[in-house]
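A.B. asks: Coordinates for the following, if possible.
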Amino acid sequence: MSYQGKFRVWRGDDSGGGLEDFTVEVNEGEVVLDIIHRLQATQAPDLAVRWNCKAGKCGSCSAEVNGRPRLLCMTRMSIFEEAETITVTPMRTFPIIRDLVTDVSFNYTKAREVPSFQPPKDLAPGEYRMQQVDVERSQEFRKCIECFLCQNTCHVVRDHEENKEAFSGPRFLMRVAELEMHPLDTADRVDQAQDDHGLGYCNITKCCSEVCPEHIHITDNALIPMKERVADRKYDPIVWLGNKLFRRS
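C.D. replies: The predicted structure is shown next:
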């Protein structure tokens with residue numbers, strides 16, 4: 001079964017652009033990325049779109065469908081009405097390169113700012129030991145495919161370009177949390193999260209968790225626990241008194 005679907009696709013580059021209307025054949029079982037490919041093959045051969053695996057595992061085809069950040073390869077056409085006009089636009093948070101392709105280098109810059117895993121110096125490779133509960137705790141975070149949909153939807157940088165320098169975004173705050181929760185990591189990640197990565201900017205709206213294609217509970221399991229650790233260190237009166245006494249000694 002097939003029908004003629006109505007689409008509005010953003011075309012342009014860093015100098016400007018706009019939405020263009022297209023009518024494209026839609027077949028049963030297809031996803032939005034199939035339609036974009038058919039549009040390239042039949043009407044707009046110069047349409048730029050980033051993709052790779054078409055299996056929801058590479059994170060390349062991130063865009064916005066009807067205003068919601070999604071993976072094009074995981075957005076089934078069956079969720080839309082046949083008469084509905086479907087709008088496909090690039091991720092709004094990042095600079096446009098061309099059409100549906102954006103410059104996501106901001107994320108790689110932030111990734112390099114997170115210090116790597118620092119094991120105890122007296123442990124050699126092969127001597128690391130962890131409890132299963134600690135393995136399971138961080139396993140959820142390791143499902144991240146770095147599609148950057150969470151970075152795109154976070155209003156701290158989506159609506160405030162000026163915050164990008166100070167705020168690393170949910171993906172990399174989750175990385176900091178993963179390392180902080182690692183029982184063998186010796187680095188102090190709590191102050192880093194607050195002072196270097198802008199944890200205080202996050203007001204836990206959970207929009208990052210809502211758009212995650214891997215269904216990672218970014219807010220509940222990473223950001224909130226990190227906020228609790230920061231609050232304990234900076235505002236808990238007993239911890240504050242202990243720090244004062246420790247410094248005096």
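A.B. asks: Contacts for the helix or strand of the chain with the lowest mean pLDDT, please.
C.D. replies: The least trusted helix or strand in the chain, going by mean pLDDT, DSSP states H and E, turns out to be helix 237-248, with a mean of 75. By C-beta atoms under 8 Å, 6 or more residues apart in numbering, the surrounding residues in contact with helix 237-248 are Asp232, Arg233, Lys234. Glycine gets a C-beta too; all of them are placed from N, C-alpha and C.
A.B. asks: since we're on the residue nearest to Glu28 when sequence neighbours are not counted, how many residues are nearby?
C.D. replies: Once flanking residues are discounted, Glu28 sits nearest to Met1: 4.8 Å by C-beta to C-beta, 6 or more residues apart in numbering. Residues lying near Met1 (other C-beta atoms under 10 Å) number 7.
A.B. asks: Surely Met1 touches Asn27?
C.D. replies: Yes. Between Met1 and Asn27 there is a contact under C-beta atoms under 8 Å: 7.5 Å.
A.B. asks: joint contacts of those two?
C.D. replies: Joint contacts of Met1 and Asn27 (C-beta under 8 Å, 6+ apart) do not exist.
A.B. asks: neighbours around the closest residue to Asp13 other than its chain neighbours, how many?
C.D. replies: Once flanking residues are discounted, Asp13 sits nearest to Arg98: 4.7 Å by C-beta to C-beta, 6+ apart. Counted by other C-beta under 10 Å, the residues lying close to Arg98 total 16.
A.B. asks: what does Glu25 give?
C.D. replies: Glu25: 14 surrounding residues under other C-beta under 10 Å.
A.B. asks: Nearest spatial neighbour of it, chain-adjacent residues omitted?
C.D. replies: That would be Ser2: by C-beta to C-beta, 6+ apart, it lies 5.7 Å from Glu25.
A.B. asks: what sits against that neighbour?
C.D. replies: By C-beta under 8 Å, 6+ apart, the contact list for Ser2 reads Glu25, Val26, Asn27, Glu28.
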